[in-house]
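J.: this one's sequence-less:
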């Protein structure tokens, strides 16, 4: 039996845009967050989100990290109860980590750059080094992101993937290259010893009605993954 309890969820267009950096009205975005907090029963001022920069930086949540003071990074980790962690995406892969044995949670923003930099390994390393987690106890939920068929990349990205030993994630079709980011993330997680992984089969670009997609629409909102230790 788990010593700790957690809850997690992924949002969609139904919950409206949650990002402040996409030229949406700030008051509307705050209202969207208020509605989401009410819907899922958490205190908005305790929510920690991120100023995401496509890095491999993992931030251990500090006391001064609040809804109004998000850290600049692409992953968050904490053992604090009632402190929701949020990752926002619109094609990149949202990854949620849960260890209910040690009482530790994390989120990661893992797009192409995060996958190429192996941000998920950095997250798992902190679970182990700081919180003494056993990787077999860490459960991972991977939310909706862009599928390979929708993610065409240039020859320079294909070359970078090959250089990093990630050629298996590239498909060439009619002189074009298509990248499967999730295949990289899955392999990296398994190499870290993560056994319990659930992966969404939906595509943010294909499903126009349900998800925002930067690749499809350009200027657009963001949906999110949230996890809370209770």
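T.: Received it, and whenever you're ready, just let me know what you need. Note that the coordinates shown come from a computational prediction; the quantities given were computed from them, not determined experimentally.

J.: May I have the phi/psi pair for the spatially most central residue of the chain?
T.: By C-alpha atoms, centre = their mean, the chain has its centre lying nearest to residue 94, at 2.3 Å. Backbone torsions of residue 94, given as degrees, to the nearest 10, read phi -90, psi 130.

J.: From residue 52, how far out is it?
T.: 11 Å (C-beta to C-beta, to the nearest Å). To be clear about C-beta, it is placed using only N, CA and C from the backbone, and glycine gets the same treatment.

J.: between these two, what contacts are shared?
T.: Contact criterion C-beta atoms under 8 Å, 6 or more residues apart in numbering; residues shared by residue 94 and residue 52: 87, 88, 109.

J.: so the first one sits right up against residue 97, yeah?
T.: No - with contacts counted by C-beta atoms under 8 Å, residue 87 stays clear of residue 97, the gap being 10.6 Å.

J.: list the residues that contact both of the two?
T.: Contact criterion C-beta under 8 Å, 6+ apart; residues shared by residue 87 and residue 97: 107, 108.

J.: mind listing what's buried in stretch 180-195?
T.: Under the neighbour-count criterion of 16 or more other C-beta atoms under 10 Å, stretch 180-195 has 180, 181, 182, 184, 185, 186, 187, 188, 189, 192, 194 buried.

J.: what comes up buried for the biggest helix by length in the chain?
T.: As assigned by DSSP state H, the longest helix anywhere in the chain is helix 26-40. Neighbour counts over helix 26-40 (16+ other C-beta under 10 Å) mark 29, 32, 33, 36, 37 as buried.

J.: Distance from it to the middle of the chain?
T.: 19 Å (C-alpha atoms, centre = their mean, to the nearest Å).

J.: after it comes which helix or strand?
T.: Using DSSP states H and E, the helix or strand that directly follows helix 26-40 along the chain is strand 58-60.

J.: Given that next one, what are its sheet partners and their directions?
T.: strand 75-78 (parallel) (DSSP bridges).

J.: Now do the partner strand: everything it contacts.
T.: Applying C-beta under 8 Å, 6+ apart, the contact partners of strand 75-78 are 48, 50, 57-61, 85, 87, 97, 104-109, 119, 122-123, 126-127, 130, 229.

J.: I figured residue 155 hits residue 179, correct?
T.: No - if you go by C-beta under 8 Å, residue 155 and residue 179 don't touch, sitting 12.0 Å apart.

J.: of the two, who's got more company?
T.: Neighbour count, other C-beta atoms under 10 Å: between residue 155 and residue 179, residue 179 has more, with 22 against 11.

J.: List the contacts of the more buried one.
T.: Residue 179 is in contact with 112, 148, 151, 153, 157, 161, 169, 170, counting by C-beta under 8 Å, 6+ apart.

J.: In contact with residue 194, which residues are there?
T.: Neighbouring residues of residue 194 by C-beta under 8 Å, 6+ apart: 124, 135, 138, 140.

J.: Test my guess that the last one contacts residue 96.
T.: Going back to what we said before, that points to residue 140. Yes - using C-beta under 8 Å, residue 140 makes contact with residue 96 at a distance of 6.9 Å.

J.: Tell me, how many residues neighbour residue 57?
T.: 17.

J.: For it, give me its contacts.
T.: Residue 57 is in contact with 72, 73, 74, 75, 122, counting by C-beta under 8 Å, 6+ apart.

J.: give me the beta-bridge partners of the first one?
T.: Spelled out, it's residue 72. Applying DSSP bridges, one finds that residue 72 bridges with residue 51.
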